[in-house]
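Undergrad: Task: produce atomic coordinates for the following.
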Amino acid sequence: MTDDPQAPAGRVVLVTGGNRGIGRAIAVAFGAAGYRVAITSRDGSGPAGVLAVQADVTDAVALDAAFRVVEAELGPVEVVVANAGITRDTLLLRMSEDDFDDVVATNLGGAFRVVKRASKGMLRARFGRVILISSVVGMLGSAGQVNYAASKSALVGFARSLTRELGARGITANVIAPGFIETDMTAALPEATQTEYKGRIPARRFGTVDEVARTAVWLASDDAAYISGAVIPVDGGLGMGH
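TA: Numbering: from 1, shown residues only. I've put the predicted structure just below:
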């Protein structure tokens with residue numbers, strides 16, 4: 001790992017859902033920038049060079065146990081990235097209560113649980129960076145994703161309320177809203193569907209997980225110390241005006 005002069009070496013980062021996709025890229029990017037990185041995943045797996053801890057973000061007891069492991073091995077968590085999320089896509093009239101409740105419990109409730117637990121150490125240190133991974137869908141909307149869009153748009157109110165509560169203690173809270181990103185999910189789409197989606201994006205391409213990851217590292221850096229309650233789109237212009 002190399003130390004980035006914009007990121008004080010040794011700060012401890014915890015990324016939820018850090019075993020694949022955007023979360024994995026964020027964990028790797030923080031490691032490359034000189035942070036001490038831990039991730040949570042349901043199966044306890046993670047990229048090389050990070051501390052991987054098994055935890056489900058819908059389980060407050062399991063999350064507390066994961067934090068205690070991270071604190072014992074790396075130190076208090078100073079940067080938390082709430083990335084873990086799921087989808088249960090279907091049209092509203094076909095959506096079950098479980099479809100709705102499970103998505104909200106993971107995407108929104110998971111962020112609540114991890115940030116609440118992390119904020120205890122941040123308040124003691126009078127320093128913290130809270131980064132919530134939302135989605136362009138949270139602002140733009142998407143047919144068949146009432147549950148997902150609701151959970152992701154709620155993160156904006158979460159970050160802004162947290163900023164008003166904790167901003168005077170050296171703690172920032174910001175939201176990253178990725179658009180269509182190159183992941184296993186988008187790669188599995190038929191070529192015609194990918195072309196259709198790209199046609200909606202002013203940049204005419206999907207984003208990369210590294211572009212999202214670099215945004216997260218920047219938000220955690222001292223360069224972004226006066227930014228809080230912001231929504232940073234990483235979507236090639238897809239969600240402009242929202």
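
Undergrad: drop to CA atoms for contacts and neighbour counts, all remaining ones
TA: Noted.

Undergrad: Now do the helices in the chain.
TA: In the chain, the segments counted as helices under DSSP state H are 21-32, 60-73, 97-107, 109-125, 137-140, 146-166, 184-187, 191-200, 209-220.

Undergrad: what about the last one, average pLDDT?
TA: Per-residue confidence for helix 209-220 averages out to 98 on the pLDDT scale.

Undergrad: Quick one: end-to-end distance for stretch 49-62.
TA: For stretch 49-62, the first-to-last residue distance is 22 Å (C-alpha to C-alpha, to the nearest Å).

Undergrad: Compute the number of surrounding residues for residue 161.
TA: 14 (other C-alpha atoms under 10 Å).

Undergrad: Ok, the one 4 residues further on next?
TA: One way to gauge burial is a neighbour count; for residue 165, by other C-alpha under 10 Å, it gives 11.

Undergrad: next one: the one 4 residues further on
TA: Counted with other C-alpha under 10 Å, the neighbours of residue 169 add up to 15.

Undergrad: Now it. Nearest residue, chain neighbours left out?
TA: residue 126 (4.9 Å; C-alpha to C-alpha, 6 or more residues apart in numbering).

Undergrad: ok, now how distant is that neighbour from residue 221?
TA: 15 Å.

Undergrad: just for this protein, where's the confidence low?
TA: 1-9, 241-242 (pLDDT under 70).

Undergrad: In it, spot the strand with the most residues.
TA: For the chain, the strand with the greatest residue count under DSSP state E is strand 171-178.

Undergrad: Tell me the helices and strands packed up against that one.
TA: Using 3 or more C-alpha pairs under 8 Å, 6 or more residues apart in numbering; DSSP states H and E, the elements in contact with strand 171-178 are strand 128-133, helix 146-166, helix 209-220, strand 231-234.

Undergrad: and if we set it to 7 Å?
TA: Packing contacts for strand 171-178, counted by 3 or more C-alpha pairs under 7 Å, 6 or more residues apart in numbering; DSSP states H and E, involve strand 128-133, helix 146-166, strand 231-234.
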